[in-house]
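Student: A structural model of the following input is requested.
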Amino acid sequence: MATPPARLAAAASNVVGKVLHGGVADLRPVPRVLIDQGPNRSLYRLTNGKGPQEGPPVLLVPPLAAPALCFDLRRGCSLAEHLVEGGRNTYLVDYGNVAFSDRRLGIEHWIEEVLPRAIRKVSEDSGGQGVHVVAWCLGGIFSLLTTADQPDLPIESIATIASPFDFTAIPLIAPFRPLVDLTGGHLLTPFYRALGGAPSYLVSRVFRATGISKEITKPLAILKNLDDRDYLAQIEAVDHFMDNMIAYPGRTFGQIYHRFFRANDLAEGTVDLNGRIIALSGVKVPTLVIAGQNDTIAPRAAVERLTELLDNSPSVTFETAPGGHLGVLTGRKARGTTWRYLDHFLDAQAA
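Tutor: The predicted structure is shown next:
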């Protein structure tokens, strides 16, 4: 443990960094090249500046509403950086901002257009190789539905992180169910229809509210750890992430609300999209499922349910790792847990 004078010097240096230099976190994104673009889709090849990467391609798929920087939070705590520096041929799809004019877009848009086009382009750009998909939260749900719906896509494997498949196993939303039932399921319908979806500012506030205890104690925690540069950098990076939330399109939000939350379709392994049934039994690639040990948005039981639904997957691996919903993906402990699980899984597919 550092001596008091050393800790005082470190704290002073960090204060100078925060006050005079705008912060201590290195928020520079991993270098990238745009290789394809379309409606709600910008596809990037990530680089390390040392020439083209080779090997099986890995595609990072974010959820809706959260910015794609979830995979590239900050230098030293970026899954994208970890994969690129590890020599993996890494790609990232970014949905961009969602406008009021996008309010009629439904889940179908992502599983029929956005993700299939991104996957095919990644395969083409990497010489026709199969694609290994790594997805967080709703990105994992959409990736699996895409795979089940279009089995001809060049997908080699899927890794989902903090993707809930049983919404009744989420204690955070349990208190709202009686009210939803009382209103015939129309509790939120007038609001998201009037607003064209869930606005970004509302998404950000809801996400912060899920960790309200940490928000309340954050000032004290900062003072207590003023000498810990890595700790302060992580807080800054998470705040930056929160400030860049994106809106949900109205129709997509309505489908998530009615099909996932109210009907809990995913827990039974099928989703009804206006009479079109997509079954998770159609997933026929190796799958890695990771849950956060302290995740209140996608707790273990909600995530682990997926392992019982992939009847035709050649292998399903389940792991848990420290952290909440974002922390399990890119928290400081993710370096030695979640990322290690991913590395082992991806290496096993290439063997």
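Student: wait, doesn't R75 sit right on V84?
Tutor: No: at 11.6 Å, R75 does not count as touching V84 under the criterion of Cβ atoms under 8 Å. (C-beta placed from N, C-alpha, C; glycine too.)
Student: At the geometric centre of the chain, which residue sits there?
Tutor: The structure's the chain has its C-alpha centroid closest to W136; by Cα atoms, centre = their mean the separation is 2.8 Å.
Student: coming back round to it: overlap of the contact sets of R75 and V84?
Tutor: Common neighbours of R75 and V84 (criterion: Cβ atoms under 8 Å, 6 or more residues apart in numbering): none identified.
Student: So which of those two has more stuff around it?
Tutor: Higher neighbour count among R75 and V84: V84, with 24 against 15, using other Cβ atoms under 10 Å.
Student: mind checking the SS state of that one?
Tutor: Each residue gets one of three states, and V84 gets helix by DSSP: H, G, I helix; E, B strand; the rest coil.
Student: Just list the residues touching it, thanks.
Tutor: Counted by Cβ under 8 Å, 6+ apart, V84 has contacts V30, L46, T47, N48, Q53, T90.
Student: Relative to P164, how far out is the residue nearest to the centre of the chain?
Tutor: 12 Å (Cβ to Cβ, to the nearest Å).
Student: ok, back up a step: could you flag which of the contacts of V84 are buried?
Tutor: V30, L46, Q53, T90 (16 or more other Cβ atoms under 10 Å).
Student: Next up, the contacts around the first one.
Tutor: Looking back up the chat, that one is V30. With Cβ under 8 Å, 6+ apart, V30 has these contacts: L46, T47, N48, D72, S78, A80, E81, V84.
Student: What helix or strand is the nearest residue to Q349 once chain neighbours are set aside located in?
Tutor: Among residues not flanking Q349 along the chain, S157 sits closest, at 4.9 Å (Cβ to Cβ, 6 or more residues apart in numbering). According to DSSP states H and E, S157 maps onto strand 155-161.
Student: Next, work out how far apart the closest residue to G86 other than its chain neighbours and G331 are.
Tutor: Nearest-residue entry for G86: D343, 6.9 Å, with adjacent residues in sequence omitted and distances by Cβ to Cβ, 6+ apart. Using Cβ to Cβ, D343 is found at 17 Å from G331.
Student: and what of R262?
Tutor: Distance from R262 to G331, by Cβ to Cβ: 31 Å.
Student: Let me see the ranges of the strands in the stretch 51-200 of the chain.
Tutor: 57-61, 89-94, 131-136, 155-161, 197-198 (DSSP state E, counting those that start in this stretch).
Student: Show me what the second one packs onto, helices and strands only.
Tutor: Okay, so that is strand 89-94. For strand 89-94, the packing partners by 3 or more Cβ pairs under 8 Å, 6 or more residues apart in numbering; DSSP states H and E come out as strand 41-46, strand 57-61, helix 79-85, helix 115-125.
Student: so can I have JSON lines of those showing distance to Q293?
Tutor: Shown next, in JSON lines, are the helices and strands packed on strand 89-94 (distance: least, Cβ to Cβ, whole Å):
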{"stretch": "strand 41-46", "distance to Q293": "28"}
{"stretch": "strand 57-61", "distance to Q293": "22"}
{"stretch": "helix 79-85", "distance to Q293": "18"}
{"stretch": "helix 115-125", "distance to Q293": "28"}
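Student: can you list those in CSV and add mean pLDDT?
Tutor: Shown next, in CSV, are those (pLDDT from 0 to 100):
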stretch, mean pLDDT
strand 41-46, 96
strand 57-61, 98
helix 79-85, 96
helix 115-125, 98
